[in-house]
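> Structure for the following, please:
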Amino acid sequence: MLTNDSYELLRRLASPIVAVTSAHAGRTNGMILDSAVRATISPEHPRLSVYVHKWHLSHDLVWASGRFAAHLLDQDQFDVVHQRQVADKLAGIPYRLGEGGVPVLERCHAAFECRVLNTMDAGPATLYLGEIVATHGGTAGALLTADHFRANL
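Take a look at the predicted model:
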């Protein structure tokens, strides 16, 4: 893939590694996000925004269901990151269905179940603003960051 200076500098913003899961009409999916950001400073209104490219199945599932779960991964969860190479992205990864019907990974640093409040068309992607409706504390492992991931490729 050809890159440029701006792209390479922007890659430094990619931390921590976040997986998003989604479900609709009996289909489930998971993917690693390009971007997930805390979207509030108010504890009364917990918000999270995720940026999902339109060519991913997850985009369509979130769009149709209005729900997603975002997961902060542990440093030992490289298997989840590499799962993108198979057709069934959740195959062999233990999960349960959360309150909103989306998969919640059994093992992760933390998980946030979200209901979509708003969307913004970002050209090749959609920015979903989610209201956090449930949180799940996960394992006590160290957080998987982009720097840690690149160092262990």
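
> Least confident secondary structure element in the chain?
For the chain, counting by mean pLDDT, DSSP states H and E, helix 146-151 ranks last in confidence among helices and strands (a mean of 63).

> Given the helix or strand containing His71, what are its sheet partners and their directions?
When secondary structure is defined using DSSP states H and E, the element that contains His71 is strand 67-72. Sheet partners assigned to strand 67-72 using DSSP bridges are listed as strand 18-24 (antiparallel), strand 110-121 (antiparallel).

> so how far is that strand from its chain's centroid?
5 Å (Cα atoms, centre = their mean, to the nearest Å).

> Alpha carbons only: can I get that strand in PDB?
Below are the C-alpha coordinates for strand 67-72, written out as PDB (Å, rounded to 0.1, in the frame of the first residue of the first chain):
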ATOM      1  CA  ARG A  67     -26.300  -1.100  17.900                       C
ATOM      2  CA  PHE A  68     -22.600  -2.100  18.400                       C
ATOM      3  CA  ALA A  69     -20.200  -3.200  21.100                       C
ATOM      4  CA  ALA A  70     -16.700  -1.800  21.300                       C
ATOM      5  CA  HIS A  71     -13.900  -3.800  23.000                       C
ATOM      6  CA  LEU A  72     -10.600  -2.700  24.400                       C
END
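
> In the chain, which residue is most central in space?
Val20 (2.6 Å; Cα atoms, centre = their mean).

> residues in contact with that one?
Val20 makes contact with 30-31, 33, 36, 50, 52, 58, 62, 68-71 under the criterion Cβ atoms under 8 Å, 6 or more residues apart in numbering. Using the backbone N, CA and C atoms, a C-beta is placed for each residue, glycine as well.

> Many thanks, have a good one.
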